[in-house]
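*Asks:* Okay, predicted coordinates and the sequence, questions at the end:
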Amino acid sequence: MRTTIALCLCWVLCAALPAPELLAGEQTATFRLIGLSHPEREEDFHQVMQSLPDLKLERWDAAKAEVTLRYDTARLFPTSKPDQVFPPEKILEHLDKLIGQASNRTFSLTAPLSVQDSELTKVEIPCGFLDCKGCRYAVYLAVAKTEGVARASVSSETGVLTAWIETGKTNRETLIEALKKARVELP
Amino acid sequence: MGPPILYIPRLMASPSPSNGLRRVVSASIPTLAATIRLGVLLVGIQGHAAAGGAEPGPLPAFLQTHCVECHDADSHKGNLDLTTLQPKFDGADAFARWVKIHDRIVSGEMPPRKKPRPAAGELAAVTQWLSGSLNEAEQAHLDAATRTGVRRLTRSEYENTVRDLFDLPGIALLSGLPADGSAHGFDKNSDALDISHVNLSKYLEAADKVLDMAIATQPTAPEKTTVRLSLAGNYEPNIMLMQGDAVLLRDKQHDPLFPPAGTYAHINQGAHEQLGIFKRMSSVGVFRHEDESWNAYFRKFSALYPGRYRVRASFWSMTWDKGKVLPSRGVEAARLSVVQFNENGRGGQHPSYVLGYFDAPSIESRTHELDVWFNQKETIGFNTASLAPVVLYRVGTWGQVDRTMGFTGPCIVNDWLDIEGPFHDVWPPRSHQLLFGELPLIEFKPADHPDVRPPVRKPLKQEIVGCDNKPEPVQGIWTVGSHEPLADADRLLAAFLPKAFRRPVGEDVRRSYVGLVSSRLTAGDAFETAMRQAYRAALCSPDFLYHVEPPGPLDEFALASRLSYFLSNSKPDEVLSGLATAGKLREATVLREQVGRLLADPKSQRFIEDFLAQWLKLGAIGANDPDKKLYPEFSPYLQDSMVAETRAYFRELIDRDLDAGHLVKSDFAMLNEKLATHYGIPGVSGPAIRRVALPPDSPRGGFLTQAAILKVTANGTTTSPVPRGAFVLARLLGQPPDPPPSSVPAVEPDVQGATTIREQLAKHRSDAVCSSCHAKIDPPGFALESFDVIGGWRDRYRSIGQGDPAPRGSIDPRIGIGFKLGPPVDPGGALPDGRQFHDVIELKALLAGDKSQLLHNLARQLTVYATGRDIAFRDRKALDTIVASTEKQGGGIRSLIQEIVLSPLFQTR
């Protein structure tokens, strides 16, 4: 718990400070982070980042589940030619692989959503008593990759799944079905 | 040759044996028919005598006076018609029949008690005549033969011999060999040890397996590692954790990262595993007993290098009370076993053997350490042995809605399990040194030996899915180097063959094996491969596979072997071989000393286990599983405890040299908590077997009322006095009954509770043909009716039909009771000599009163086991001498074993 608070403080401070300037060859990019099922998972993500010295967490937005990463393609792709240019999708694929391996596939990266927050609808589904980290993650997983779900999170206090969805693509009933299919016992 | 049997006119026969008129007629005018028959017998005997047989002596008159009335063509009680039985002793069947007649007369069983007793002189005369005639006949038959036939090693002897020869104490060979037969109660008997092409094919496979394991193929020993394992993180336990049959614990409380399931179940096992929740070395508390659908294995480890390992495990127990950890009901028992994975290890129900049952004390963790031999693809399995083996233990089912948080019950916890090894104090290992001495291991470079085929090496890989331990890479091919292959081969074989063959080996034999090496070298094999062929041939040769004993008195080496295979079930060790070489083994003091030494050696446990597996049929303890509805309290732990009791009891009899009366009656028993509870004896805690004083009125004590014996004599559903009575007669009293006539159907006990087996047998015994045998067989069986199929005491039969509600007694409260109490047990009866008993305690007192008979039988059983042959009629005097010498020393079992070893029966082939 103390570690979580310390990391959160650290993150707040980091977010408040101006970003260090990019070194030669370095780039930054912002990605959508899948796997951030509930606040304690932020600590897990920081541990993952610590195990990847070639990646720096430049900024992150927990509310939007977005991260900005800094990296040097020459270090990411050590066998590449000097000045070789890598398309964004290739970089995304590689970074997703690195983070997936370091997190036992509990985190993954995708391209940021193009849809604006104002276009999303908030859906809340009570899921019973979720005092187990694994179960919270499991509830999250049940809906996180459903088409039309922009982001989701689970509260350990209330046991409520909150999802931000594109109403044209999915709806509450679809999410409930997905939860039932994952054997989530709804109250 | 006797004359042809005369036709007895039908008019002499009664239409019915039960006809009262017939009895009167027969009693008052036995004369004509009997006289004719006696004449036939007499003529037969005289004819036999004239043909070189014994003089007729007093037999005809004796039979006429005391026997023919019941054993003629009409009555032929006991299926014996003395009027047609020719007095010939030279056929196996006829000989056996006359031996039986002799024995019945000697024992006083015949003539029956209700008939007039023969005069002492008359009795002595006829038994002496019969005994002399039988001895003469047998002597004539056996003069040209040896007492013990040629016999090969049994499966267990083979395995133990290889284990000791190669110092591979856990190599598993037995299951790969065809099952041995059995004759006269034991598989060591030459009559049962045939050999076929199947055996030979399996011996070749076994030899290859041995040599694969024995020969080192890398320059240094595999690195010793220590791995700490948790039950959590393994596939099956993870399932148990998810569904609430187990709970994750830290610091003796539930793990906050994985709270016990309550109203809501845990979901998505994979998600939990991905997050590493089960990989944090938390303790795992298990509520559920293993069953057909779940086994707990430590799957993260599977041995790659066969060898000695050290296993440490930490256990404790508790009462789980809806989320609270409370002290347990006592010391629970955790079982560890060695599991042999099949294929790639997926699934459950892999073959295993039990390492032991270990204390899991209340709340306080206890560490247990044990040395274990692992073969390849083996790991450790765990079970909550002392918990009830029923699905009712499963939490969250059977109407329980609150899952683990709503469950209260016992729990056994494993904190961790360490596996350290493999341990090699020398490299190459002793098995390799036995084959190649001090020759160096060198790297074989094909370029340096273009004309030599390199030894075949199969790359070692971890075949078990999910295991973390991987093989060490070995660069190059490492093999045995020799600059003078044939000289080395001669030297190595000169050392190996006498050890393998258990006696000196002639130069000609050795040269034949060297010749084999030479031919393989010429054919292009590497030295190791060529030598391997010779060793393979040796391990499949009759010199290795058979007990080679000279006719007549055994030589020193054969004596060493016989002694070693008797008390260690394996080849002679260095001490015995040394004494044989020095020619000192035959000395009585030396033999006594060696018997003592061998019995004190841990390897004597092999003798105890092998002998009891056959004498008391302990090997068949798992032949049937008790009916779950009638005996829901039965568990593998109870069965293993039963076997452990009987073995420990026999060990106690030997160690303390207790007398043969203890075979049926004793004031102590060897118990653990499980058995003590089963027997209703308080004050025993934990799984360890220990000596426990019995209450004065206890029916326990002695083999007769041990649960193992009572289980092997039952069929899993019901008991019957017949097999139990027959067991007592054959195994404890040495009076095996005749097999049942094939035309008589077996009596099927009624589990519906309408009739008792005694009532059914009463009907059966009313048949005169059946009654004579059943009068002997049934009484001990009646007394043992006080015990059910799992050896529990009963006053009333259990029933799945009619009956009264059954009280729980000592049955675990979590076990459902579906049986009822049926008719009462009547354990009373009378022995054939008329002595009556009311219950098993009185029966035991009667049997224990004749210690000499019990000792005599045990002497017979041990001698048959030790010498590989049944006791012949002519051996009886030698057996009597053994018993008499033992009785002079107090009649102890240990003394008996010593006297057997010192006897001519043991020391002659």
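*Replies:* Right, received. Where do you want to start?
*Asks:* Tell me which helix or strand in chain A has the weakest average pLDDT.
*Replies:* The weakest-scoring helix or strand in chain A, judged by mean pLDDT, DSSP states H and E, is helix A:2-16 (a mean of 41).
*Asks:* List the pairing partners of the following helix or strand past it within its sheet, with orientation.
*Replies:* The helix or strand immediately downstream of helix A:2-16 is strand A:26-34, counting by DSSP states H and E. Partners of strand A:26-34 in the sheet, by DSSP bridges, are strand A:66-72 (antiparallel), strand A:108-110 (antiparallel).
*Asks:* so how far is chain B from the residue nearest the centre of chain A?
*Replies:* Most central in chain A under CA atoms, centre = their mean is A:L33, positioned 2.2 Å from the mean C-alpha point. A:L33 is 16 Å from chain B, where distance means CB to the nearest CB, to the nearest Å. No exception for glycine: its C-beta is placed from N, CA and C like everyone else's.
*Asks:* any idea how far that residue is from A:I91?
*Replies:* 15 Å (CB to CB, to the nearest Å).
*Asks:* Show me what the helix ranked longest in chain B is in contact with.
*Replies:* For chain B, the longest helix by residue count, based on DSSP state H, is helix B:120-142. Residues from elsewhere that reach helix B:120-142, judged by CB atoms under 8 Å, 6 or more residues apart in numbering or on different chains: B:53-54, B:57-59, B:62, B:87, B:89-90, B:95, B:98-99, B:101-102, B:105-106, B:118, B:872-874.
*Asks:* next one: stretch B:457-476
*Replies:* Against stretch B:457-476 from outside (CB under 8 Å, 6+ apart): B:217-218, B:222-223, B:225, B:227, B:234-235, B:299-302, B:304, B:341, B:343-346, B:377, B:379, B:443-445, B:477.
*Asks:* Let's see that with 6 Å instead.
*Replies:* Contacts to stretch B:457-476, defined as CB atoms under 6 Å, 6 or more residues apart in numbering or on different chains, come from residues B:217-218, B:299-302, B:304, B:341, B:344-346, B:443, B:477.
*Asks:* Make a ChimeraX selection of the buried ones in these.
*Replies:* Of the contacts of stretch B:457-476, the buried ones can be selected in ChimeraX as follows, counting by 16 or more other CB atoms under 10 Å in any protein chain shown:
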select /B:217,218,299,300,301,302,304,341,345,477
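*Asks:* Tell me which two of the contacts of stretch B:457-476 sit farthest apart.
*Replies:* B:R346 and B:E443 (37.4 Å; CB to CB).
*Asks:* close enough to count as contact, B:F607 and B:L567?
*Replies:* Yes: in this structure B:F607 lies within contact range of B:L567 using CB atoms under 6 Å: 4.9 Å.
*Asks:* Can you give me the pLDDT of the residue nearest to B:S570 when sequence neighbours are not counted?
*Replies:* Among residues not flanking B:S570 along the chain, B:N160 sits closest, at 3.6 Å (CB to CB, 6 or more residues apart in numbering or on different chains). The model reports B:N160 with a pLDDT of 98.
*Asks:* Can you tell me what sits against the helix or strand hosting B:N160?
*Replies:* Using DSSP H and E, B:N160 sits in helix B:155-166. Contact partners of helix B:155-166, identified using CB under 6 Å, 6+ apart, comprise B:169, B:171, B:173-174, B:177, B:180, B:210, B:214, B:431, B:565, B:569-571, B:606, B:610.
*Asks:* wait, A:R75 sits on A:D54?
*Replies:* Yes: contact criterion CB under 6 Å: A:R75 and A:D54 qualify, at 4.8 Å.
*Asks:* wait, does stretch A:122-130 contact chain B?
*Replies:* Yes: Stretch A:122-130 reaches chain B (CB under 6 Å from any CB of the partner chain) through A:128-129.
*Asks:* Next, the buried residues of that stretch.
*Replies:* Across stretch A:122-130, burial judged by 16+ other CB under 10 Å covers A:123, A:125, A:127-130.
*Asks:* would you list the strands paired with strand A:26-34 in CSV and tack on distance to A:H46, mean neighbour count and mean pLDDT?
*Replies:* As requested, those are exported to CSV (distance: least, CB to CB, whole Å; neighbours: other CB atoms under 10 Å in any protein chain shown; pLDDT from 0 to 100):
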stretch, distance to A:H46, mean neighbour count, mean pLDDT
strand A:66-72, 11, 20, 94
strand A:108-110, 15, 18, 95
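*Asks:* List just the one of the ones you listed that sits closest to B:S799.
*Replies:* With CB to CB as the measure, strand A:108-110 is the member of the strands paired with strand A:26-34 nearest B:S799 (63.4 Å).
*Asks:* so what strands line up beside the following helix or strand past that closest one?
*Replies:* Later in the chain than strand A:108-110, the nearest helix or strand by DSSP H and E is strand A:121-126. Partner strands for strand A:121-126, per DSSP bridges, with pairing direction: strand A:160-165 (antiparallel).
*Asks:* Dump the strand it pairs with to CSV, restricted to CA.
*Replies:* Presented in CSV, the C-alpha positions along strand A:160-165 are these (Å, rounded to 0.1, in the frame of the first residue of the first chain):
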residue,chain,number,x,y,z
VAL,A,160,-18.8,-1.6,-10.0
LEU,A,161,-17.4,-2.0,-13.6
THR,A,162,-17.2,1.4,-15.3
ALA,A,163,-16.9,1.4,-19.0
TRP,A,164,-16.7,4.2,-21.6
ILE,A,165,-18.3,3.1,-24.7
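*Asks:* What's the first helix or strand after that strand?
*Replies:* Downstream of strand A:160-165 (by DSSP H and E), the next one is helix A:172-181.
*Asks:* Now do that following helix: distance to the chain's middle.
*Replies:* 21 Å (CA atoms, centre = their mean, to the nearest Å).
*Asks:* Any stretches of chain B with poor pLDDT?
*Replies:* B:1-56, B:142-148, B:391-401, B:742-754, B:761, B:763-769 (pLDDT under 70).
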